[in-house]
Structure formats: C-alpha cells, structure tokens
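Student: Here is a sequence together with a model predicted from it:
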Amino acid sequence: MADKNTLIFLILVGIQESTAVTHSLKYFYTASSGIENFPSYVSVGLVDEVQISYCDSRTNKNIPKQDWMNEVSSEYPNYWKEETETCLAKQQTFKISLEIAKKRFNQTEGEHIYQQMYGCEWDDETGEVKGYDQFGYDGEDLITLDPKTQEWIAPKPEAVITKLKWDNNRAAVEHENEYLTQTCVEWLKKYVNYGRSSLMKTDRPSVSLLQKNSSSPVSCFATGFYPNRAEMFWRKDGEEIHDGVEKGEIKPNNDGTFQMNVNIDLSSVATGDWIKYECVFQLSGVNDITNRLEKTRILTNEPPNTSIVIIIAVAVVYVTVYVPIAVIGFIIYKKNNARRPPSPVVNGRPPEETRFLRQA
C-alpha cells in the first residue's frame, strides 16, 4: 500500500505547480481504479497550499478543513450542502472520464489514475493574475490549457481528439478564461480574507545541518516556517554559490507550516575550509537565518553521535506529511450566477462533462 500511496503522491506533485510569490487557489480531483483500500474519488481544495476542504467517495460529504472556512456559511448558508451535492455529481463524471481515458490508452485492468488540477494565482502587490487547468493520467501530462493562447496542449496522441473538440468550442474557452482570471480570483480574495489571521501569519523555522555520513552531502534543513514564500541557499565567503548545490522544493507539513532543504556536496573541499561556507534562510518579514558550516553543528547518523534519532524524526515527518497528501484532490463548482466557488459550468452541467466526452 505504501508504494501505491507514493505513486499517487508523485502524480499529484507532477501536476501541481508551486507558487512562491502569489496567493493561490488550487483544486485537485482524483479518480482511480484498481487501487486497494483507496477511495475511487477524492477532491481537495487549497488556499496558499493550506488545505481548506475535503470530500471522497467513502464519506460522500464535503467538509471544511480550516475553522475559518466555516465563515463562508454566513454569506452563503447552503455552501457546504451544495459542495457535497457537487462532490456526488463529480464522482460520476470523473468515473466516466477515467474509463474513457483507459479506453483511449487500450487499458482495461490494473491501477490507473485520472486527475485534474485547476485554479488561479493572484499577486496582491502587482495585481497580476493567472489561471490554469491541467489534466493528467497515470502520472503523466494528458492535456493542459495554455493561459496565453487559450488553446489546449495535448502531449499525448490519445488526447488530440479532445484538444480539437475543446479548441473548437470557443464559447467554452472564453467562458473558462473569464472564470479563471476573474471569478476564481474573486473567490481567492474571499478565502484569503476569511483566513487572513492564519494565512498571513509569519512563523520562524527551525534550521538544522544534517549529514547521513562523512562522505554524504550536507543538508541544510528548515521546517516549521510560514508562509511558503521563502528562499534558502549556500554561500562561500559571503557569496552565493551554485556548484555542487542541490535545492529541494518547498513542501507542506501536516500542521500548515512548510519545510525545505538545500544540499551541498563538499567531497572535494578540505574539512578545514568548511568554515567558509554558510546556509542562509530568507523569509519575508523575518531577519535572515544563517548557519555557518561547523563540524560540531552537523547532526549525523554516524556513531557515537546520538543525533540519529533526530534524523529518523525528520524522515518520519517526511512520511507523515506526504502520505496524507496522497489523497489530495479538490472539487470546484460554480453556478451560472457566479455565487459559488470556482468552476465553470457549460450549459448548466459540471465542467467534467465537457471533458473527455465519449467519442461519437
């Protein structure tokens, strides 16, 4: 089961696009088949990478995942009831989409996953907005909307027929563009306002120097920071360096904070020169945190150092963070009067019914 969860996580990461300088509203939908002990449908929503809602084919109920998301009910009393109804409807449309995709790829048995990532970004300083709509199948890009040309890109030949069908429906394309760049952003601003005290907070990280053994790269690991608009890098003699440096992505912790790491390979550097190196962590609104590279400050697995417990703890954090992410997906829905959270409706039907329709 662990391997399956890892597969699903990697698929989600492959579709997901990180944002470092803007507010974001993202929705993930996941339909699966042949995966034991895993819901056949999952939907999840995130604001600034913080999960705000959840629904799956087992619970059959869309629920808030942040206390401040309950505030939406004061303006829209039927919000969560309608979100649940939409979840139930989308289970069916996504099930159909998955089966169509399997037929396109001439597959009938085995484990398969069909996903969509949908949403928008908004820079609250420049006002710049961007919308995106991406589909994936079994961990690979299937069809993606080009936000500049408003045309669909089909990297897989199996999706070309869908690209042509969607591109030819210009009314739907224009509707989606308006939705992604206007309506979605309006709702993103609402959510940010609801969760301002939480989303706009600033948490300082814990920064550690880790090394598996004396011949391994040294990892500068920061965890517990918020928001995710952070930078971390290595310097030598006060100058940022890139040779031998491998920077990891910013990842969410299960408490709403984030973690990241940046590794440096010092195998060709004399131990006496390590003191010239330092790791720098930068977070908006917080003074830079600098860790000079000193042997005594490195936590390692090598005996007799007992910091192996700390390394194991970091590994446990990694597992507990990403296994839950494996069930992430989200549902978007919007009525014709634009009084619901994001998702275009074409002819009064959920958007998935305009995606991967059965061939005539």
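Tutor: Thanks, I have it. The shown structure was predicted, so the numbers you read here are calculated from the model rather than taken from an experiment. Numbering: from 1, shown residues only.

Student: mind listing what's buried in the host helix or strand of E85?
Tutor: E85 is part of helix 79-104, with elements assigned from DSSP states H and E. The neighbour-count check on helix 79-104 (16 or more other CB atoms under 10 Å) flags 79-80, 82-84, 86-87, 89-91, 93-102, 104 as buried. Where C-beta positions appear, they are placed from N, C-alpha and C, glycine not excepted.

Student: Can you verify my assumption that I63 contacts Y54?
Tutor: Yes: if you go by CB atoms under 8 Å, I63 and Y54 touch, sitting 5.9 Å apart.

Student: what about those two, which has more around it?
Tutor: Neighbour count, other CB atoms under 10 Å: between I63 and Y54, Y54 has more, with 21 against 13.

Student: So what angle separates the directions of the strand or helix carrying that one and helix 79-104?
Tutor: Element membership of Y54 [criterion: DSSP H and E] is strand 50-56. Angle, strand 50-56 to helix 79-104, by axes from the mean of the first three to the mean of the last three CA atoms, to 10 degrees: 70 degrees.

Student: For strand 50-56, name the packing helices and strands.
Tutor: The helices and strands touching strand 50-56, judged by 3 or more CB pairs under 8 Å, 6 or more residues apart in numbering; DSSP states H and E, are strand 41-47, strand 63-64, helix 79-104.

Student: With respect to D124, which of these lies nearest?
Tutor: strand 41-47 (12.8 Å; CB to CB).

Student: helices or strands up against the closest one?
Tutor: strand 23-33, strand 50-56, helix 79-104, helix 184-194.

Student: and those as TSV, adding distance to E246?
Tutor: Below are the helices and strands packed on strand 41-47 laid out as TSV (distance: least, CB to CB, whole Å):
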stretch	distance to E246
strand 23-33	25
strand 50-56	27
helix 79-104	35
helix 184-194	33
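
Student: Can you tell me which of those is nearest to Q150?
Tutor: Going by CB to CB, the one of the helices and strands packed on strand 41-47 nearest Q150 is helix 184-194, 14.9 Å.

Student: average model confidence for that closest one?
Tutor: What helix 184-194 shows for mean pLDDT is 93.

Student: If we go by neighbour counts, what in it is buried?
Tutor: Quick answer for helix 184-194 (16+ other CB under 10 Å): C184, V185, W187, L188, K190, Y191, V192, Y194.

Student: Which of these sits closest to W68?
Tutor: Y194 (4.8 Å).

Student: what angle sits between the helix holding E85 and strand 23-33?
Tutor: 50 degrees.

Student: Give me the helices and strands touching helix 79-104, please.
Tutor: strand 23-33, strand 41-47, strand 50-56, helix 72-75, strand 112-122.

Student: out of these, nearest to N253?
Tutor: From the helices and strands packed on helix 79-104, taking CB to CB, the stretch that ends up closest is strand 50-56, at 10.7 Å.

Student: Adjacent strands (with direction) for the closest one?
Tutor: Sheet pairing of strand 50-56 (DSSP bridges) gives strand 41-47 (antiparallel), strand 63-64 (antiparallel).

Student: and the shortest one, what's its mean pLDDT?
Tutor: Looking at strand 63-64 alone, the average pLDDT works out to 95.

Student: ok, now stretch 110-122?
Tutor: 93.

Student: And stretch 240-255, by the same measure?
Tutor: 92.

Student: distance between stretch 69-83 and the chain's centre?
Tutor: Put simply, stretch 69-83 sits 24 Å off its chain's centre (CA atoms, centre = their mean, to the nearest Å).

Student: swap that for stretch 116-123, please
Tutor: 10 Å.

Student: So for it, what gets flagged as buried?
Tutor: Q116, M117, Y118, G119, C120, E121, W122.

Student: next one: stretch 195-208
Tutor: Buried, per 16+ other CB under 10 Å, within stretch 195-208: G195, L199, P205, V207, S208.

Student: same check, this time on stretch 206-216
Tutor: Buried residues in stretch 206-216, counting neighbours by 16+ other CB under 10 Å, are found at V207, S208, L209, L210, Q211, S216.

Student: Of the strands paired with strand 50-56, flag the one that's most buried.
Tutor: strand 41-47 (a mean of 26; mean count of other CB atoms under 10 Å).

Student: what mean pLDDT does that one have?
Tutor: According to the model, strand 41-47 has a mean pLDDT of 94.

Student: what residue ranges in the stretch 1-150 of the chain score low on pLDDT?
Tutor: Scanning the stretch 1-150 of the chain with the threshold set as pLDDT under 70 gives 1-21.

Student: hmm, back to that, go through the helices and strands packed on helix 79-104 and name the closest to F225.
Tutor: Closest approach to F225 among these (CB to CB): strand 50-56, 13.4 Å.

Student: what's the angle from the closest one to helix 184-194?
Tutor: Computed by the same axes, to 10 degrees, the angle between strand 50-56 and helix 184-194 is 110 degrees.

Student: what distance separates strand 50-56 from the centre of its chain?
Tutor: Distance of strand 50-56 from the chain centroid (CA atoms, centre = their mean) equals 12 Å.

Student: just stretch 110-130 next, same as before
Tutor: 9 Å.

Student: what's the straight distance from one end of that stretch to the other?
Tutor: Chord length of stretch 110-130, first to last residue, is 36 Å (CA to CA, to the nearest Å).

Student: Identify each buried residue in stretch 141-155, please.
Tutor: D141, L142, I143, T144, L145, W152, A154.

Student: out of the residues you listed, which are inside strands?
Tutor: D141, L142, I143, T144, L145, W152 (DSSP state E).

Student: mind putting these in TSV, distance to E246 included?
Tutor: Listed next are these as TSV, based on distance: CB to CB, whole Å:
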residue	distance to E246
D141	24
L142	29
I143	32
T144	27
L145	32
W152	34
